[in-house]
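J.: What follows is a predicted structure for the sequence shown.
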Amino acid sequence: MTAVELIRRKRDGGELSTEAIRSFIRGVADGSLPDYQASAMLMAITWRGLTPRELGDWTEAMLRSGEVLDLHDLPGVKPGLVVDKHSTGGVGDKVSLCLAPLVAACGVRVPMIAGRGLGHTGGTIDKLEAIPGFRTDLSRARFKEVLAEVGCCVIGQTDWIAPADRRLYALRDVTGTVESIPLIAASIMSKKLAEGLSGLVLDVKVGGGAFMKDRDAALELARTLVGIGGRTGLPTRAVLTAMDQPLGRAVGNALEVLEAWEVLCGAGPDDVRELTLVLGAEMLALAGMGTAAEAQVELVDALRDGRARRKFLEMVRAQGGDASAIPDGLPRTGATEEVCAAADGFIVGIDAELVGEAAVALGAGRRAVADRVDPAVGIVLDRKVGAPVRRGDRLCAIHVQDGSNPLEAKAKVSAAFHLGPTPIAALPLVLGRV
Ligand code: URA
């Protein structure tokens, strides 16, 4: 069947054969399939979904589009001690930046393949690339070297690992085809199954700033992801976590690196620190390093005694980054704009999706595949949900380039803050586990 026939079949609710899926993904990976046909198929899948058999075949074909790492011969790598974490996407979610070095500092290898910004959510790769010189496109040999020497390494999808996801991910970002459970599941699991892991922890985001807006949808995604892990023999756990307001205070690439650095130094916002510890404890527990409670003690020690932040700097150096730029030499804008409270009251909501869209409007994310992100721009929230405010108090600072016109971002951020006359209770961060 031709590509057009396959797209039509999916569009009309039909099922794709294993061979059809393999040949479609081959065309995605080797570039012979044009963007418009790949995008049309993504939209058809977003509407029609994939059957469990199709999802298995689609994930497998994406996984096999590149190499599957075998880390058994790697010096210092003990079987069972290679664990990763992946988030389904949030606003202000810089946890991977804290978690990879923290968990590595506790003796577990973390070979992380991460993504760029997707839709209104930020991406670990764009954030790390805000560090001058930081390379996320390492060769297989260098990736393994860094993993052996440092204990953690974070790269993006490349032409040698997960190339089909590299292309589909970039197309989904700009074609309104992100919010699809099978596409998210295949994207995440094809990367993670390529890493040669012994365990995987998934942070499945739920709420207005997530791709899954309610708990039922998030549970379905979590079960789909854990199910793929189970069928392929990879021990996988999912934690459902709240994404109703941005995580932490900073949204934007360099601003988030700075905030992650603060957490690694034992400070930073409580919610980022809490989530880092919760997910880190799951990772250590999966590696067989005691119960989640025992693991938390080990993680807190690694933050307190400086091992985690030293590991982060080691990773930055090993990946070509300028460690002396952290924290004071990170890219910064020349100007900031303020958004202030229009009345007295309490913050009863901060629409994370609008804040994420504002960051994209500033240039922190992409609207077309070829867009370059601006590492310096972004938003820093002064107050979060539950805080009291007086009329005229600053709610957030918008970091903008000199001479730019942030009207769209400012309007979105202003609309994101909801004030009410009475305080609301602090929102729980962890909502469930699968
Ligand atoms: N993370 C991914 O890698 N892919 C998605 O589709 C969503 C989050």
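T.: Great, that's in hand. Residues are numbered from 1 along each chain as shown.

J.: ok, which stretches of the stretch 151-300 of the chain are helices?
T.: With DSSP state H, counting those that start in this stretch as the criterion, the stretch 151-300 of the chain has helices at 163-173, 181-193, 215-231, 253-264, 270-286, 292-304.

J.: In contact with residue 413, which residues?
T.: Residue 413 makes contact with 339, 354-355, 358, 379, 395-396, 398 under the criterion C-beta atoms under 8 Å, 6 or more residues apart in numbering. (Each C-beta comes from the backbone N, C-alpha and C, glycine too.)

J.: Give me the contact list for stretch 243-251.
T.: By C-beta under 8 Å, 6+ apart, stretch 243-251 touches 90-95, 122, 205-210, 256, 258-259, 268-269, 271-272, 275, 349-350, 352, 355-356, 358-359, 364, 378-382, 384-385, 427.

J.: for stretch 321-328, same thing?
T.: So stretch 321-328 is contacted by 128, 131-135, 257-258, 261-262, 313, 316-317, 329 (C-beta under 8 Å, 6+ apart).

J.: try stretch 347-356
T.: Here stretch 347-356 makes contact (C-beta under 8 Å, 6+ apart) with 90-92, 119-122, 207-210, 243-246, 251, 365, 379, 381, 383-387, 389, 395, 412-413, 415-420, 423-424.

J.: CA atoms of that stretch as PDB?
T.: Below are the C-alpha coordinates for stretch 347-356, written out as PDB (Å, rounded to 0.1, in the frame of the first residue of the first chain):
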ATOM      1  CA  ILE A 347      -4.400  33.500  44.300                       C
ATOM      2  CA  VAL A 348      -6.800  30.600  43.700                       C
ATOM      3  CA  GLY A 349      -5.400  29.400  40.400                       C
ATOM      4  CA  ILE A 350      -2.600  29.900  37.900                       C
ATOM      5  CA  ASP A 351      -3.400  28.400  34.400                       C
ATOM      6  CA  ALA A 352      -0.200  26.500  33.600                       C
ATOM      7  CA  GLU A 353      -1.200  26.100  29.900                       C
ATOM      8  CA  LEU A 354      -1.500  29.800  29.500                       C
ATOM      9  CA  VAL A 355       1.800  30.400  31.200                       C
ATOM     10  CA  GLY A 356       3.400  27.800  28.900                       C
END
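
J.: Quick one: neighbours of residue 366, just the number.
T.: 20 (other C-beta atoms under 10 Å).

J.: Could you measure from the closest residue to residue 250 other than its chain neighbours over to residue 273?
T.: Sequence neighbours aside, residue 259 is the residue nearest to residue 250 in space, at 4.2 Å (criterion: C-beta to C-beta, 6 or more residues apart in numbering). Separation of residue 259 from residue 273 (C-beta to C-beta, to the nearest Å): 10 Å.

J.: Which of the helices of the stretch 151-300 of the chain sits closest to the ligand?
T.: The minimum distance between the ligand and those falls on helix 181-193, with 3.5 Å, by C-beta to the nearest ligand atom.

J.: right, quick check: that closest one against the ligand, any contact?
T.: Yes - Helix 181-193 reaches the ligand (C-beta under 6 Å from any ligand atom) through 184, 187-188.

J.: you'd agree residue 379 is in a helix?
T.: No - read with DSSP: H, G, I helix; E, B strand; the rest coil, residue 379 is strand and lies in no helix.
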